[in-house]
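# Here's a sequence, model it:
(one chain, ligands or ions: 1)
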Amino acid sequence: MSDLRDHAEDIHEQFSDHIDIDVDDVEERLNTLVDEYKVPLDEARRSVTSHYLDEAGMERDALGGGSGSNDHVQVADVDEDEQWIDVTAKVVDLWDARSDAVAQVGLLGDESGTIKFTAFASSDLPKLEEGAVYALGNLVTDEYQGDYSVKLNRTTTIEQLDEDIEVGDDSTTVEGALVAMQSGSGLIKRCPEEDCTRVLQNGRCSEHGEVEGEFDLRIKGVVDDGIDAHEVIFDKETTEAITGISLEEAKDMAMDALDTTVVADEIRDLVIGTYYRVSGPTFGRYVLADDVEQLSEPVDATAALERARSM
Ligand SMILES: [Zn+2]
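Numbering: from 1, shown residues only. The predicted model follows:
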């Protein structure tokens, strides 16, 4: 009997964070299967676990998170995909969900910085309120192009706390010469599917296949501060600001040349060797340029690099 009790407590432990579950009830179910129906113990465990998975509306792999065994992490420390974590965070911002599948999307913040979160409609969770602080259990991390986010799911526990958090500023400032431009810069096309925006490769989205893309302008550049090389993404607004080329002009240029690469070539000529002060949030290995200040006229890139190295 005591053996069954141990197994019952094990199962109880796995579910206690997710559903209201009574350890005696678990033991009775095991007992019925093992004693009355002579089901082998491991099979009985599987069967009873399945019963509670159904009751909780959970997938079996959701137990992989192991309630209570997650690391409690700071949001700025999230740097791995598909990790089960707990965080204590403030809802800094709520955005409009662009898909019916998404119940809520926004920004969570703690002392270390901020991270995007998504809650899916199918998870049927209570809505988070902007400005409120929550202890969130059983979140799953997600990574897309070096950009980390967390997903709430149906096993996520939400406890509102009566406290405030001073949300940390995770923006970074980099000052140096733009020494290189990476592929995927210039006039690009993005997937038009809701909540996708992936950059198309030869007219194909890695998720949605062949799609009619939407034009966008950006620079993926390398800014060298003399010590380190920082990868910086300039979005449409900052790219237009530092190059003086608008998205419309870029499209015209590409149309005239029947080639989009002319835009990247033109941009390269304009920005390489120029010193910038760039500030913005970091996502993965990239600094997203929110604020850009040009510190010099373009100089010879090699000379700029040498000067940067000698600073
Ligand atoms: Zn797509």
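# Tell me, what's the model's pLDDT at G66?
With respect to pLDDT, G66 has a value of 45.
# Please identify the helix or strand for D24.
Assigned by DSSP states H and E, D24 belongs to helix 23-31.
# which stretches of the stretch 201-311 of the chain aren't confidently modelled?
Across the stretch 201-311 of the chain, the ranges flagged by pLDDT under 70 are 284, 298-311.
# per-residue pLDDT, the residue sitting furthest away from the middle of the chain?
Distance from the C-alpha centroid of the chain peaks at E36, with 49.6 Å (CA atoms, centre = their mean). E36 carries a pLDDT score of 84 in this model.
# For it, what are phi and psi?
Dihedral pair for E36: phi -80, psi -40, per degrees, to the nearest 10.
# For it, give me its contacts.
With CB atoms under 8 Å, 6 or more residues apart in numbering as the criterion, no residue contacts E36. Backbone N, C-alpha and C define where each C-beta goes, glycine included.
# can you check E111 too?
Taking CB under 8 Å, 6+ apart, one finds Q74, I165, E166, V167, G168 in contact with E111.
# give me that answer again for 7 Å
Q74, I165, E166, G168 (CB atoms under 7 Å, 6 or more residues apart in numbering).
# Pick the one among these closest to the ion.
Q74 (31.1 Å; CB to the ion).
# so that closest one makes contact with S112?
Yes - the criterion here is CB atoms under 7 Å, and Q74 meets it with S112 at 3.8 Å.
# Please enumerate the helices of the chain.
2-15, 23-31, 41-56, 236-243, 247-257, 261-271, 301-310 (DSSP state H).
# Just put the ones you listed in CSV and tack on mean neighbour count.
Shown next, in CSV, are the helices of the chain (neighbours: other CB atoms under 10 Å):
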stretch, mean neighbour count
helix 2-15, 16
helix 23-31, 17
helix 41-56, 15
helix 236-243, 19
helix 247-257, 15
helix 261-271, 18
helix 301-310, 15
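# Close to the ion: what parts of this protein are there?
Within the chain, the residues that sit near the ion (CB under 5 Å from the ion) are C191, E193, C196, R198, C205, E207, H208.
# The fourth one: how many residues sit nearby?
Burial of R198 is recorded as 18 neighbouring residues (other CB atoms under 10 Å).
# Pull up the per-residue confidence for it.
We have a pLDDT of 88 for R198.
# residue contacts, it?
Here R198 is in contact with R190, C191, C205, S206, E207 (CB under 7 Å, 6+ apart).
# rerun that using 8 Å as the cut-off
By CB under 8 Å, 6+ apart, the contact list for R198 reads R190, C191, C205, S206, E207, H208.
# any chance of these in a markdown table, with neighbour count and distance to D10 too?
What follows is the contacts of R198, written out as a markdown table (neighbours: other CB atoms under 10 Å; distance: CB to CB, whole Å):
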| residue | neighbour count | distance to D10 |
| --- | --- | --- |
| R190 | 17 | 48 |
| C191 | 21 | 45 |
| C205 | 20 | 44 |
| S206 | 11 | 41 |
| E207 | 10 | 39 |
| H208 | 13 | 43 |
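# Serialize these to CSV and add fields for distance to P126.
What follows is the contacts of R198, written out as CSV (distance: CB to CB, whole Å):
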residue, distance to P126
R190, 33
C191, 32
C205, 33
S206, 34
E207, 30
H208, 31
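# how about the strands in the stretch 151-300 of the chain?
Using DSSP state E, counting those that start in this stretch, the strands of the stretch 151-300 of the chain run over 157-161, 171-181, 186-190, 204-205, 209-210, 214-224, 229-234, 275-283, 286-289, 291-294.
# returning to what we had before: tell me which of the residues of the chain next to the ion is nearest to M255?
C191 (21.4 Å; CB to CB).
# Give me the pLDDT value at the closest one.
93.
# likewise the one 3 residues further on?
Note on E194: pLDDT of 80.
# What of D93?
pLDDT, read off for D93, is 86.
# Apart from its chain neighbours, what residue comes closest to it?
Nearest residue to D93, sequence neighbours excluded (CB to CB, 6 or more residues apart in numbering): L107, at 4.1 Å.
# what are the bridge partners for the one you found, then?
D93, K116 (DSSP bridges).
# give me every residue that touches it.
Counted by CB under 8 Å, 6+ apart, L107 has contacts V91, V92, D93, W95, T114, I115, K116, F117.
# Quickly note the distance from it to E130.
10 Å (CB to CB, to the nearest Å).
# Show me whatever sits in contact with both of these two.
By CB under 8 Å, 6+ apart, the residues touching both L107 and E130 are V91, V92, D93.
# are any of the residues you listed buried, and which?
Among the shared contacts of L107 and E130, those classed as buried by 16 or more other CB atoms under 10 Å are V91, V92.
# returning to what we had before: now the two most distant members of the contacts of E111.
Q74 and E166 (12.9 Å).
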